[in-house]
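>>> next one to model:
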Amino acid sequence: MKVLIIGGAGYIGSHVARLFADRGHKVDIADDLSSGSRDNLFPDYGFFQGDILDYAWLLGVMNRGYDAIVHLAAKKAAGESMIVPEKYATQNISGTINILNAASEAGIRKIIFSSSAAVYGEPQYLPIDEEHPQQPENFYGFTKLEIERILAWYDRLKGIKFVALRYFNAAGYDPTGTVHGLEKSPANLIPVIMEVAAGMRPHLDIYGTDYPTEDGSGVRDYIHVSDLAEAHYLALDYLARGNASMSVNLGSEQGLSVLEIVNAARRITGRPIPVVITDRRMGDPAKLVASSAKAKDTLGWQARYSDLETLLETTWRAYQRGGISSK
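Numbers count the residues shown, from 1 in each chain. Have a look, this model is predicted:
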């Protein structure tokens, strides 16, 4: 298939693009490079630089005869979304509407969408499955949920079939080292820890150690980015076989606490990783752990790389390849 990966120069998108190309798909990347990296662009890709808010540019790209779209272009910092919701409304919701309108006009009828576990909000039970109530506690999660609802309408009205992949916490790097472009200004825990370990930040802020968890710090389900990439590939195959649209969780089904990750990172990197304990952030649940049973049943997917050691070791190697000394 010929696949357009929007946001394909970014952290997750770069892993998705490499896997698709390695499995025989023709891959083109559309990205504004605001958070993506040219280091993630390979010679066998086509590349178009532009903004998804520019409809004319977007339609011009999509008119090149694609069979499917993978949409990963979004603002994703949950905390920031509570401070500047207008940025998230514009980029995430308006940008996706542009993508869907251009896809409809260009005759593209398959889309894989990067959604988020943030659509669920504070868990009412664990592990969280797809039937869990969807009550986002931050504006970022709200945008993802609204996009899923819009996708369902475009399926009904325009015949665009979709799989919305509800990521839990993406982490890790390509175990082979082929994809290693570092995120710009990362906001997620593990890359921030690595920036502290590498001397790029003075310390790690831990937002609350008074949660009702075993060590008081927040617990999350971390999923290796290579496992996410595999799920995108399987999701496209699922749509290519004529299946119905769906939303599905992607998680490791294991909860890791902030302090557990910090302590393991100190051991793996050999760096002290200073921390500063601060107040909880608005909209942060105490614990999030996925049920990925639906992904296993419908896609034949399961996590292979999402253990703590692999998550941290592959990330640290990426930072070392980026010019950070291991001494």
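
>>> so, low pLDDT: which residues of the stretch 151-300 of the chain?
283 (pLDDT under 70).

>>> try 90
The stretch 151-300 of the chain contains residues with pLDDT under 90 at 180-188, 281-286.

>>> which residues in it form helices?
Counting by DSSP state H, counting those that start in this stretch, the stretch 151-300 of the chain has helices at residues 189-197, 225-240, 258-269, 293-299.

>>> centre of the chain versus the first one, how much separation?
Counting by Cα atoms, centre = their mean, to the nearest Å, helix 189-197 is centred 17 Å from the centre of its parent chain.

>>> mean neighbour count and distance to L312 for the helices of the stretch 151-300 of the chain - can I get that in JSON lines?
Where C-beta positions appear, they are placed from N, C-alpha and C, glycine not excepted. Output for those, formatted as JSON lines (neighbours: other Cβ atoms under 10 Å; distance: least, Cβ to Cβ, whole Å):
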{"stretch": "helix 189-197", "mean neighbour count": "23", "distance to L312": "7"}
{"stretch": "helix 225-240", "mean neighbour count": "22", "distance to L312": "13"}
{"stretch": "helix 258-269", "mean neighbour count": "18", "distance to L312": "5"}
{"stretch": "helix 293-299", "mean neighbour count": "17", "distance to L312": "24"}
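
>>> I'd like the ones you listed as JSON lines, with distance to G141 appended.
Shown next, in JSON lines, are these (distance: least, Cβ to Cβ, whole Å):
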{"stretch": "helix 189-197", "distance to G141": "17"}
{"stretch": "helix 225-240", "distance to G141": "18"}
{"stretch": "helix 258-269", "distance to G141": "19"}
{"stretch": "helix 293-299", "distance to G141": "19"}
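
>>> so for S35, which of those helices sits nearest?
helix 189-197 (11.9 Å; Cβ to Cβ).

>>> contacts for that closest one?
169, 171-172, 182-183, 186, 201-204, 220, 222, 258, 261-262, 265-266, 269, 271, 273-274, 311-312, 315-316, 319 (Cβ atoms under 8 Å, 6 or more residues apart in numbering).

>>> returning to what we had before: quick one: closest of the helices of the stretch 151-300 of the chain to I93.
So among the helices of the stretch 151-300 of the chain, helix 225-240 is nearest, using Cβ to Cβ, at 21.6 Å.

>>> show me the contact partners of that closest one.
1, 3, 11-12, 15-16, 18-20, 23, 68, 70, 110, 112, 161-163, 165, 167, 170-175, 248, 250, 252, 295, 298-301, 303-306.

>>> of the residues you listed, keep whichever come out buried.
Among the contacts of helix 225-240, those buried by neighbour count (16 or more other Cβ atoms under 10 Å) are 3, 11-12, 15-16, 18-20, 68, 70, 110, 112, 161-163, 165, 167, 170-175, 248, 250, 252, 295, 298-299, 301, 303, 305-306.

>>> in strands, which of those residues fall?
3, 68, 70, 110, 112, 161-163, 165, 167, 170-171, 248, 250 (DSSP state E).

>>> and those residues, which is closest to V61?
For those, the nearest to V61 is V3 (12.5 Å; Cβ to Cβ).

>>> so what's the closest one scoring on pLDDT?
Per-residue pLDDT puts V3 at 98.

>>> for it, what are its contacts?
Residues near V3 by Cβ under 8 Å, 6+ apart: 20, 25-28, 66-70, 236.

>>> which one among these gets closest to K144?
V70 (15.5 Å).

>>> check contacts around the closest one.
Counted by Cβ under 8 Å, 6+ apart, V70 has contacts 3-6, 8, 13, 16, 20, 111-112, 114, 232, 236.

>>> 10 Å instead?
3-8, 12-13, 16-17, 20, 27, 29, 110-114, 163, 165, 232-233, 235-236 (Cβ atoms under 10 Å, 6 or more residues apart in numbering).
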